[in-house]
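Student: requesting a structural model of the entry that follows:
(2 chains)
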Amino acid sequence: MLEAINLHKSYRRDAVSVSVLRGVDLAVREGEFLSVIGASGSGKSTLLHLLGALDTPDTGEVRFEGRRVDTLPARDRERLRNQSVGFVFQFYHLLPELTALENVLMPAMISRGILRWLGTRGAVRKQAMDLLDRVGLSHRLHHRPRELSGGELQRASIARALIMNPKVLLADEPTGNLDEGTGAGILTLLRGLHSDGLTIVMVTHNLELTLSTDRVVRLAAGRVETPSNPSLRLLSPAC
Amino acid sequence: MYKLLLGWRYLKTRYLALVCVISVMLGVATLIVVNGVMAGFQTKLRDRLHGVLADITVEGLEFEGFHNPEAQMARIAASPVGKYVAVMSPTIESPAMLQYQFRGATITKMVKLIGVDAQSRAAIGGFSEYLQDNDGKPRPASFELSDAAKFRLDAFRAPTPPAPLEGLPTGPGEPPAPDNWIHEEKKITGAILGHGLAHFRQPKPDGSSVEVYTAEPGDIVTIVCPGGGKLTPEFDRFAVAGYFRSEMSEYDCGLVFVPFDHLQRLRGMQDRATAIQIKLTDYSKARLVVAELKNIFSPHLYAVQTWEDKQGPVLAAIEIERGILNVLLFLIVGVAGFGILAVFSMIVVEKTRDIGILKALGASNAGVLGIFLGYGLLLGTVGDVLGTGLGLTITSYLNEIEAFLSSLSGQHVFNRQVYNFATIPVDIRVSNVVWVNIGAIAVAAAFSLIPAFKAARMQPVRALRFE
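Tutor: Modelled structure (predicted):
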């Protein structure tokens, strides 16, 4: 469903070029729950951004449902991010001026003009409220992000990622900023979504979280490696 | 929809943006107030200028004027544009000296002496409306003295005429000495003096002032003017019949009206006039009438002008002044624009991560641009609405505000003696208000463009990682 072929990506810091990804090959199957692990700075988040068409690789290809997406025009990439990919970030990234409900509605608003929005507002609003109910935030609909706890913020963020019924959910350390108990709750929520058929790619450095995923890959030195740690019994090759 | 929602939320939550709103508001309010007052002055001045002047004037360019004004008026009436002529009145205008006694002192002033037929000149307009007695009450368009004026004239008339002024020609072959000519008159003719010629304001210890009349109805004044042909000085004594008060100091301090036929005789201009005043039935035909009259009256001997032509430089000066003032005052809105630029740049930096989020959610560059452009427009619109409200409120209560400020400062903010207006004139024109509003919104939008472009061009990943 989602494929990375020989991805290279480097960043320029001052006059120095830092190579982050050096030929990453990865395939994510439909309905799969994949974990990507690696040390800090190994390029996990960069890989996720490239897979979600948030960024473009220096070389290599990103394919979504067989179609190359890294060379698509900006407008198509925007539509892809809006309608096919859901993002969940470590720091939640909710818009502080909006309520939880409005944050969840935001992707739907972006996808519609004013007239179409006014025509479908009721149905979309109900869908957003159902999603917030599913993530356990039905009592926090009209609360601003500053009034929510870390766990609640991440739940709202997941609801926002699901509002457009994406085909794949890209989660960048979704529990990285949460305590153990709250993180476990978020993982349970993601597992539930996966069991409903959603494809999930989760970046984490918490090995315990990977135990409940279908497959784990590790990024090291800018490449996908087969894990050597025997305790990671589920770690498997990239493809 | 999200652009509107975010723009509105930013407006409500970013108090820094209020600085922009207040700047635009003050700029708009200032422009509306100044434009209103300037337009008020302009309208009042135009009304007064037109009020005193006839729609069209046919003036003889020669010093002795032109012959047979009745025949000239008949030519006008018989012309193709005669149907547009409502009333005509011949006049004689001449420079003159006015002299009278006040508290033992001799007061002498340079004046413009105008001989008019009171009835027809009143029909032209801009004459009888401005005539008044010393108690401020309107008086009829006539040179007849009121009973009180007659009483004063009889009671205080000097038993002997004043001695002829030095330098007057009295030799053989010269016109008769003015005093001899006066003695032949059985009664003294009335004259209407410009109000400013016959009074002054005397300040009182408490800061207020009182009007003191230097020549009251019934008082005798002496007028010396050149003869109609040979520039010989002629003089006569007149009794003050009333005052001309148009509240235009140029006229109130310079005009003296006397009967047309009397001035004809005084200047030796029998059957002659220097100008014909014309009132039209429809002023919109003025250009047509002027063009036709220029065909009838030779441009070498006559000047045919509308009142606007005669006062062209004054009206043009006011228009230019207003234009320049508008440009200068619009700089206030320009400064507000730079405020918007500065504040918006800060807000875009502050909102960098939000921009990254929106792009991650699928917002386009145009969408992000729209958020900040819409935000700028919203700021401009809110500032406009508040500024328009403030400006209109100030103009509505301008005189009350002036009175309050005067009482606070102890000095007149608006000196009525200077302008001769009882109140500060205000004329709010909808078109002006609309243009000010459009200009302010355009400035707000223009100055928010640069930060909006900067926001739109942000790389989403870099924006998300911004700290």
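Student: any low-confidence regions in chain A?
Tutor: A:226-239 (pLDDT under 70).
Student: closest residue of it to chain B?
Tutor: Closest contact between chain A and chain B, by CB to the nearest CB, is at A:N82 (2.4 Å). Every residue, glycine included, has its C-beta placed from N, CA and C.
Student: can you tell me the closest non-neighbouring residue to that residue?
Tutor: Setting aside the residues directly before and after it, A:N82 is nearest to B:G362 in space (CB to CB, 6 or more residues apart in numbering or on different chains), at 2.4 Å.
Student: re the thing from before, element containing the residue of chain A closest to chain B?
Tutor: helix A:74-83 (DSSP states H and E).
Student: what's the offset of that helix from the middle of its chain?
Tutor: 15 Å (CA atoms, centre = their mean, to the nearest Å).
Student: packing partners for the helix or strand following that helix?
Tutor: Going down the chain from helix A:74-83, the next helix or strand is strand A:85-88, by DSSP H and E. If contacts are counted by 3 or more CB pairs under 8 Å, 6 or more residues apart in numbering or on different chains; DSSP states H and E, strand A:85-88 sits against helix A:150-162, strand A:168-172.
Student: which pLDDT value goes with B:K230?
Tutor: With respect to pLDDT, B:K230 scores 76.
Student: distance of it from B:G376?
Tutor: 75 Å (CB to CB, to the nearest Å).
Student: what is the helix or strand B:R121 falls within packed up against?
Tutor: Taking DSSP H and E as the definition, one finds B:R121 inside helix B:118-124. Judged by 3+ CB pairs under 8 Å, 6+ apart, the packing partners of helix B:118-124 are strand B:85-102, strand B:275-280.
Student: now chain B against chain A: closest residue?
Tutor: Closest point on chain B to chain A, by CB to the nearest CB, is B:G362, at 2.4 Å.
Student: residues of chain B that sit close to chain A?
Tutor: B:1-2, B:4-6, B:9-10, B:12-13, B:353-354, B:356-365, B:367, B:459-461, B:464 (CB under 8 Å from any CB of the partner chain).
Student: buried subset of those?
Tutor: With burial judged by 16 or more other CB atoms under 10 Å in any protein chain shown, the buried subset of the residues of chain B next to chain A is B:1-2, B:4-6, B:9-10, B:353-354, B:356-365, B:367, B:460-461, B:464.
Student: can you get me a residue count around the closest residue to B:V461 other than its chain neighbours?
Tutor: Sequence neighbours aside, A:D55 is the residue nearest to B:V461 in space, at 4.7 Å (criterion: CB to CB, 6+ apart). Using other CB atoms under 10 Å in any protein chain shown, A:D55 has 21 other residues around it.
Student: tell me who's in contact with the residue of chain A closest to chain B.
Tutor: The neighbourhood of A:N82, defined by CB atoms under 8 Å, 6 or more residues apart in numbering or on different chains, consists of A:P107, A:I110, A:S111, A:M164, B:L361, B:G362, B:A363.
Student: distance of the most centrally placed residue in chain A relative to A:L51?
Tutor: The geometric centre of chain A, computed from its C-alpha atoms, lies nearest to A:L170 (CA atoms, centre = their mean), at 1.8 Å. In this view, A:L170 and A:L51 are 6 Å apart by CB to CB.
Student: mutual contacts of these two, please.
Tutor: Common neighbours of A:L170 and A:L51 (CB under 8 Å, 6+ apart) are A:V201.
Student: if we can go back for a sec, mind checking which helix or strand the residue nearest to A:N82 is in?
Tutor: Assigned by DSSP H and E, B:G362 falls outside every helix and strand.
Student: flag every residue of chain A that's near chain B.
Tutor: Residues of chain A lying near chain B (CB under 8 Å from any CB): A:49, A:52, A:54-55, A:74-75, A:78-83, A:87, A:89, A:93-98, A:102, A:106-107, A:109-114, A:117-118, A:160.
Student: what's the next secondary structure element after the helix holding B:R121?
Tutor: With secondary structure assigned by DSSP H and E, helix B:118-124 is succeeded by strand B:131-132.
Student: contacts for that next one?
Tutor: For strand B:131-132, using CB under 8 Å, 6+ apart, the contacting residues are B:P138, B:R139, B:P140, B:A141, B:I192, B:H195, B:G242, B:Y243, B:F244, B:R245.
Student: please state the offset of that strand from the chain centre?
Tutor: 20 Å.
Student: rounded mean pLDDT for that strand, please.
Tutor: Rounded mean pLDDT across strand B:131-132 is 90.
Student: can you name the next helix or strand after that strand?
Tutor: Using DSSP H and E, the first helix or strand after strand B:131-132 is helix B:147-156.
Student: in that following helix, what's buried?
Tutor: Buried-residue list, helix B:147-156, by 16+ other CB under 10 Å: B:A149, B:K150, B:R152, B:L153.
Student: sorry, back to before: surely the residue of chain B closest to chain A and A:S84 touch.
Tutor: No. The criterion here is CB atoms under 8 Å, and B:G362 misses it with A:S84 at 9.6 Å.
Student: compute the distance between A:L131 and A:A108, please.
Tutor: The value you get for A:L131 to A:A108, if CB to CB is used, is 11 Å.
Student: overlap in contacts of these two?
Tutor: A:I163.
Student: quick one: the residue lying closest to A:S84 once chain neighbours are set aside from B:I394, how far?
Tutor: Counting by CB to CB, 6+ apart, A:K167 is the residue found nearest to A:S84 once chain neighbours are left out, at 5.0 Å. Applying CB to CB, the value for A:K167 to B:I394 is 61 Å.
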